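Q: here's a sequence, model it:
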Amino acid sequence: MKVVLVRHAHAGSREAWGGDDRDRPLSAKGERQAAFLVPVLSGFAPGRILSSPAVRCLQTVAPTATLVGRDVEPVEALAEGHADEAVALVERLTGGTVVVCTHGDVASALLEACRTGPVIGPPIHMGKAEVRLLRRRSGAWTAEGPFSLSGEVAPPVA
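A: Numbering: from 1, shown residues only. Down below sits the predicted model:
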């Protein structure tokens, strides 16, 4: 089981947005980031693409979904502020590769769930449009990445 974890691309300032934050779209920079993510995400050959229902998350993975011929499935458990529900959701996923697009707080919680041993230092932070690979091996989750557009990966996260 593989989960390709994506933090949504750049969406501009929360404070400058006048409407419901869930409706805040990607900025021009975020649209470019979403396009650059296509070769990275499609390279994992996802069987499913799950996303927070927030517009910025849906827009981040939409170009990849189009290329690989998958629908983006909005999932409330991936919404901002739903970290515990997101961890439970990922625990229930089975088989294949699933792309999961979410927010910084949820992504950090998912990465923290992969840590082994004593937690030293601050929570793991993901940047906008960053990609990490979560793998379940022998019942435990591990995290790898971040992945770059060249497909290179840093050593696994402890």
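Q: what are the ranges of the helices in the chain?
A: 28-42, 55-68, 83-92, 104-114 (DSSP state H).
Q: buried residues in the last one, which are they?
A: It refers to helix 104-114. Under the neighbour-count criterion of 16 or more other CB atoms under 10 Å, helix 104-114 has 104, 106-111, 113-114 buried. Glycine gets a C-beta too; all of them are placed from N, C-alpha and C.
Q: mean pLDDT and distance to residue 22 added to the helices of the chain, as TSV?
A: What follows is those, written out as TSV (pLDDT from 0 to 100; distance: least, CB to CB, whole Å):
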stretch	mean pLDDT	distance to residue 22
helix 28-42	94	15
helix 55-68	98	7
helix 83-92	95	16
helix 104-114	92	14
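Q: and these as TSV, adding distance to residue 10?
A: Output for the helices of the chain, formatted as TSV (distance: least, CB to CB, whole Å):
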stretch	distance to residue 10
helix 28-42	4
helix 55-68	8
helix 83-92	21
helix 104-114	12
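Q: and which of the buried residues of helix 104-114 is nearest to residue 77?
A: Nearest to residue 77 among the buried residues of helix 104-114, counting by CB to CB, is residue 106 at 8.6 Å.
Q: pretty sure the closest one is in contact with residue 82, am I right?
A: Yes - Residue 106 lies in contact with residue 82 (CB atoms under 8 Å); the separation is 6.3 Å.
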